[in-house]
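Asks: I'll drop the sequence and a predicted model, then ask my questions.
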Amino acid sequence: MSPKNYIPQLTFLRFLAAILIVTFHFGSNLPLFSSRLFAPLISEASIGVSFFFFLSGVVLGISYFQKEKIDLKQYLIKRFARIYPLYLLSFVLALLFMIIYLNAKPKGISIILQALGMHAWSPGMCLEINFPSWSVSVEIFFYLLLPALFFIRKKIGFGIWTILTFLLYFGSAYLHYTHKQSLPFEDINKAEQFILYFPIWHLNTFVFGLWSAELIRKVKMRFDSIKMLGTASFLVGCILFLAIFYIQNPIKPYVHNGLLSPIFMLIIVGLAIDTSWVSKVLSNRYALILGNSSYAIYLLQWPVYLIFTNILNIPNLNQAQFFCYLAVLTVISIVVYRNFETPIRKWLIRTN
């Protein structure tokens with residue numbers, strides 16, 4: 001992303017989302033996170049994956065949707081270099097450690113699908129091996145679809161694009177509701193995985209992010225001098241986000257397939273145009289390091305957990321051990337981001 005399109009204060013939010021997801025996976029039963037103060041949020045922290053999808057749409061929309069055309073070859077090389085090397089590394093590590101430590105014997109088709117990033121399309125298999133990576137499989141679908149979405153956007157005005165975005169949003173919300181009421185599989189495990197992980201159901205979140213990227217440009221052009229507007233939007237979005245989880249309401253069971261996109265929009269658009277101390281804090285060097293390492297934190301959480309628990313020779317972590325695990329995971333992820341992910345990405349782009 002070119003410097004003029006880069007919004008650094010958004011980067012740290014990826015770290016917060018990644019840590020929430022890791023806590024949901026491995027710490028939700030601990031006393032602190034099962035307390036009345038944290039349980040309503042931590043028990044639903046997988047919503048962080050939807051936030052990733054939304055933010056991905058924002059970032060790619062800012063990067064590409066103001067261009068006249070997309071160089072398809074360069075685009076695909078950059079997207080491949082961005083996600084696949086670390087994805088493959090985490091997959092190999094997870095597979096190796098599961099065989100060594102858990103005596104696992106994954107099915108050949110699961111190995112093939114996950115190696116190709118296609119496992120989210122297969123309910124019943126999408127959480128095997130490196131289970132958090134189902135979302136990367138969905139992200140690959142978004143990446144492949146983006147040139148077509150770009151083409152559609154260039155053929156229509158912003159008004160029609162807005163209508164299509166909200167039609168997709170409300171249509172997806174309705175489908176999610178009906179699927180939750182009537183599961184489309186007899187196997188309850190496959191049904192739940194189809195509802196929660198199948199890529200099509202998350203497209204509305206990504207497209208809402210693309211739409212929000214254009215909204216950011218329009219708002220910045222018009223209201224950039226009103227410093228408090230961004231702060232107000234950010235705070236209202238955060239308050240609404242917390243209210244969804246801490247106040248009893250009828251929409252809470254349906255939030256995981258993009259229903260919170262309007263709230264994400266308030267948070268992201270507000271923060272993107274914010275010029276207060278909030279943006280300055282979120283844009284500092286250390287916040288950016290953590291944010292940039294979030295992809296590694298997310299993908300390496302399971303293989304690092306396997307190593308950590310087997311070194312300690314314990315089946316589960318207590319509270320102190322969990323925080324040690326988080327620290328180790330974060331440090332490893334920073335090292336991997338700096339010494340593997342970034343050099344490999346730059347090399348792939350440079351040599352192609």
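Replies: Ah, there it is.

Asks: so how far is F264 from L167?
Replies: According to Cβ to Cβ, to the nearest Å, L167 stands 18 Å off from F264. (Glycine included, C-beta is placed from N, CA and C.)

Asks: with neighbour numbers in mind, choose between those two.
Replies: A count of neighbours by other Cβ atoms under 10 Å puts F264 above the other of L167 and F264, at 25 against 11.

Asks: next up, phi/psi of that one, please.
Replies: With angles defined as degrees, to the nearest 10, F264 sits at phi -60, psi -40.

Asks: and the helices in the stretch 201-350 of the chain?
Replies: Under the criterion DSSP state H, counting those that start in this stretch, helices of the stretch 201-350 of the chain are mapped to 203-223, 227-246, 261-273, 277-282, 285-292, 294-312, 319-336, 342-351.

Asks: can I get those helices in JSON lines with mean pLDDT and distance to M125?
Replies: Converted to JSON lines, the helices of the stretch 201-350 of the chain look like this (pLDDT from 0 to 100; distance: least, Cβ to Cβ, whole Å):
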{"stretch": "helix 203-223", "mean pLDDT": "90", "distance to M125": "21"}
{"stretch": "helix 227-246", "mean pLDDT": "89", "distance to M125": "30"}
{"stretch": "helix 261-273", "mean pLDDT": "93", "distance to M125": "28"}
{"stretch": "helix 277-282", "mean pLDDT": "86", "distance to M125": "38"}
{"stretch": "helix 285-292", "mean pLDDT": "95", "distance to M125": "31"}
{"stretch": "helix 294-312", "mean pLDDT": "95", "distance to M125": "16"}
{"stretch": "helix 319-336", "mean pLDDT": "97", "distance to M125": "26"}
{"stretch": "helix 342-351", "mean pLDDT": "95", "distance to M125": "27"}
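
Asks: nearest to G61, of the ones you listed?
Replies: helix 203-223 (2.7 Å; Cβ to Cβ).

Asks: centre of the chain to the closest one, how far?
Replies: Centre-to-centre, helix 203-223 and its host chain are 17 Å apart (Cα atoms, centre = their mean, to the nearest Å).

Asks: send me that helix as CSV with only the CA atoms.
Replies: Extracted C-alpha coordinates of helix 203-223, given in CSV (Å, rounded to 0.1, in the frame of the first residue of the first chain):
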residue,chain,number,x,y,z
LEU,A,203,-18.8,-12.0,1.4
ASN,A,204,-21.2,-9.3,2.7
THR,A,205,-18.7,-8.4,5.4
PHE,A,206,-15.9,-8.0,2.9
VAL,A,207,-18.0,-6.0,0.5
PHE,A,208,-19.2,-3.7,3.3
GLY,A,209,-15.5,-3.1,4.0
LEU,A,210,-14.9,-2.2,0.4
TRP,A,211,-17.8,0.2,0.5
SER,A,212,-16.5,1.7,3.8
ALA,A,213,-13.1,2.3,2.2
GLU,A,214,-14.8,4.6,-0.4
LEU,A,215,-16.8,6.2,2.4
ILE,A,216,-13.6,7.0,4.3
ARG,A,217,-12.2,8.9,1.2
LYS,A,218,-15.5,10.9,0.8
VAL,A,219,-15.7,11.7,4.5
LYS,A,220,-12.0,12.8,4.7
MET,A,221,-12.5,15.1,1.7
ARG,A,222,-15.5,16.7,3.3
PHE,A,223,-14.9,16.6,7.0
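
Asks: show me what it is packed up against.
Replies: Helices and strands touching helix 203-223, by 3 or more Cβ pairs under 8 Å, 6 or more residues apart in numbering; DSSP states H and E, are helix 47-64, helix 134-155, helix 158-181, helix 261-273.
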